[in-house]
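**Student:** Okay, here's the prediction I keep looking at, along with the sequence it came from:
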Amino acid sequence: SVRCFGTFTDDLYALRDWLQSVGITTVAMESTGIYWIPLYDVLSVSGIDVFLVNPREIKQVPGRKYDIRDCQWIQELHSLGLLRAAFRPDDTSCEIRGLVRQRQEFIKSSVRQVHHMQKALLQMNIQLPQVVSDITGSTGLAIIRDIVAGERDHFKLAQHRDCRCKKDEATIARSLCGNWRKEHLLALSQTLRLWDFYRTLIGEIERAIFESIDARLQEY
């Protein structure tokens with residue numbers, strides 16, 4: 001018996017109600033992309049035992065990649081006990097995992113902005129990346145923010161040198177003599193704002209991660 005349902009939330013509820021009405025207690029489904037997640041959540045919350053199956057274990061059998069044949073084939077394998085359920089962590093773990101993955105994406109985006117800042121500086125022949133180990137450290141950021149604010153005196157810019165810097169103030173001042181082209185200054189300003197924005201988002205996600213971890217610990 002095969003029935004088709006849509007993908008809106010009320011369609012998923014209708015699918016769940018139909019399965020329950022015919023006495024279904026366990027379901028097997030392919031873990032394709034992220035499309036399985038809403039249906040998985042609806043079915044698992046309702047008490048149906050959901051087997052999340054690796055598609056590679058099913059696609060090894062040729063000649064069955066039609067939607068109706070596919071679902072019937074999965075049902076047959078499942079009824080014979082030939083399918084293994086993939087690991088699916090509990091809700092709290094899924095929440096923390098999702099937050100951590102989002103944090104990783106924002107970190108990657110912030111690193112790209114650092115590369116763009118380095119490019120803008122080098123195009124103006126501002127050799128700041130050559131005299132500080134990290135342009136987003138205390139010395140590098142202070143200098144970049146002052147440049148964006150309009151300071152062009154390389155001696156004044158070099159005064160932002162942190163005492164932990166290996167290069168002396170005179171060397172840093174020499175590295176800050178450039179051509180100050182308008183288009184590169186604009187790129188530097190915009191990428192700095194983007195870097196600040198991503199760092200703010202990372203901080204928000206880290207607070208959410210700690211809150212989720214604390215809630216999990218309280219459960220124990």
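**Tutor:** Arrived safely.
**Student:** the helices in this structure, which residues?
**Tutor:** 9-21, 36-45, 56-59, 67-79, 91-123, 128-131, 138-149, 154-158, 169-175, 182-219 (DSSP state H).
**Student:** And Gln75, how close does it get to Asp11?
**Tutor:** Counting by C-beta to C-beta, to the nearest Å, the gap from Gln75 to Asp11 is 20 Å. Placement of C-beta: from N, CA and C, glycine included.
**Student:** can you list contacts of stretch 210-220?
**Tutor:** Residues outside stretch 210-220 that contact it (C-beta atoms under 8 Å, 6 or more residues apart in numbering) are 92-93, 95-96, 99.
**Student:** One more pass at 10 Å, please.
**Tutor:** 90, 92-93, 95-100 (C-beta atoms under 10 Å, 6 or more residues apart in numbering).
**Student:** just the CA coordinates of that stretch, formatted as PDB?
**Tutor:** Provided in PDB are the C-alpha atoms of stretch 210-220 (Å, rounded to 0.1, in the frame of the first residue of the first chain):
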ATOM      1  CA  PHE A 210      27.400  26.900  27.200                       C
ATOM      2  CA  GLU A 211      23.700  27.300  28.100                       C
ATOM      3  CA  SER A 212      22.800  24.000  26.300                       C
ATOM      4  CA  ILE A 213      25.700  22.200  28.100                       C
ATOM      5  CA  ASP A 214      24.600  23.600  31.500                       C
ATOM      6  CA  ALA A 215      21.100  22.400  30.800                       C
ATOM      7  CA  ARG A 216      22.400  19.000  29.900                       C
ATOM      8  CA  LEU A 217      24.500  18.800  33.100                       C
ATOM      9  CA  GLN A 218      21.500  19.800  35.200                       C
ATOM     10  CA  GLU A 219      19.600  16.800  33.800                       C
ATOM     11  CA  TYR A 220      22.200  14.600  35.500                       C
END
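**Student:** For it, what is the distance to the chain centroid?
**Tutor:** 22 Å (C-alpha atoms, centre = their mean, to the nearest Å).
**Student:** re earlier: who wins for proximity to Val2 among the helices of the chain?
**Tutor:** Checking the helices of the chain against Val2 by C-beta to C-beta gives helix 67-79 as the closest, at 5.4 Å.
**Student:** which other helices and strands contact the closest one?
**Tutor:** strand 26-30, strand 49-53, helix 56-59 (3 or more C-beta pairs under 10 Å, 6 or more residues apart in numbering; DSSP states H and E).
**Student:** The residue nearest to Ser175 when sequence neighbours are not counted: what's it in contact with?
**Tutor:** Leaving aside its sequence neighbours, Ser175 sits nearest to Gln127 (C-beta to C-beta, 6 or more residues apart in numbering; 3.9 Å). Gln127 sits next to 121, 171-172, 174-178 when contact means C-beta under 10 Å, 6+ apart.
**Student:** chain center to the helix or strand of the chain with the lowest mean pLDDT, what's the gap?
**Tutor:** Across the helices and strands of the chain, the lowest-confidence element by mean pLDDT, DSSP states H and E is helix 56-59, at a mean of 74. How far helix 56-59 lies from its chain's middle: 28 Å, per C-alpha atoms, centre = their mean.
**Student:** do the same with stretch 16-23
**Tutor:** 36 Å.
**Student:** who's in contact with that stretch?
**Tutor:** So stretch 16-23 is contacted by 1, 3, 5, 24-27, 39, 42-43, 45-48 (C-beta under 10 Å, 6+ apart).
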